[in-house]
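Student: Below: sequence and its predicted model.
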Amino acid sequence: MWGRVEYRRRLAITTADPHTANALIQMAAEGEADIPRLMSEQDAPTTPAPTLQAQ
């Protein structure tokens, strides 16, 4: 996940289109904000997915 954030930031620096750069910076910021949430979900106990039964 950190790799994707850094990749988007590097792309934002190298792109010539300011709209694309802004979108990439926003995506990187959102991804960075999601990392702590995703890590806490990974540590939390999860409920097993329901299984389908054949009829």
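Tutor: Cool, got the structure. Numbering: from 1, shown residues only.
Student: Residue 11: neighbour count?
Tutor: 16 (other CB atoms under 10 Å). All C-beta atoms are positioned from the backbone trio N, CA, C, and that covers glycine.
Student: and the spatially most central residue of the chain, what element?
Tutor: Nearest to the mean C-alpha position of the chain, counting by CA atoms, centre = their mean, stands residue 31 at 3.9 Å. For residue 31, the host element (DSSP states H and E) is helix 18-43.
Student: May I see the buried residues of the lowest-mean-pLDDT helix or strand in the chain?
Tutor: Within the chain, no helix or strand scores below helix 18-43, which has a mean of 90 by mean pLDDT, DSSP states H and E. Neighbour counts over helix 18-43 (16 or more other CB atoms under 10 Å) mark 21, 24, 27-28, 31-32 as buried.
Student: counting contacts, what elements does it pack onto?
Tutor: helix 2-14 (3 or more CB pairs under 8 Å, 6 or more residues apart in numbering; DSSP states H and E).
Student: What is the helix it packs on packed up against?
Tutor: helix 18-43.
Student: distance between the helix it packs on and the chain's centre?
Tutor: Averaging C-alpha positions (CA atoms, centre = their mean, to the nearest Å) puts helix 18-43 5 Å from its chain's average.
Student: what's the angle from it to helix 2-14?
Tutor: Angle, helix 18-43 to helix 2-14, by axes from the mean of the first three to the mean of the last three CA atoms, to 10 degrees: 170 degrees.
Student: Which residues does stretch 2-15 contact?
Tutor: Residues outside stretch 2-15 that contact it (CB atoms under 8 Å, 6 or more residues apart in numbering): 20-22, 24-25, 27-28, 31-32, 35.
Student: Let's see that with 7 Å instead.
Tutor: 21, 24-25, 27-28, 31-32 (CB atoms under 7 Å, 6 or more residues apart in numbering).
Student: Make CSV out of these and add distance to residue 4.
Tutor: Output for these, formatted as CSV (distance: CB to CB, whole Å):
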residue, distance to residue 4
21, 16
24, 11
25, 13
27, 9
28, 8
31, 6
32, 10
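Student: ok, those residues vs residue 1, which is closest?
Tutor: The closest of the contacts of stretch 2-15 to residue 1 turns out to be residue 31 (CB to CB; 6.6 Å).
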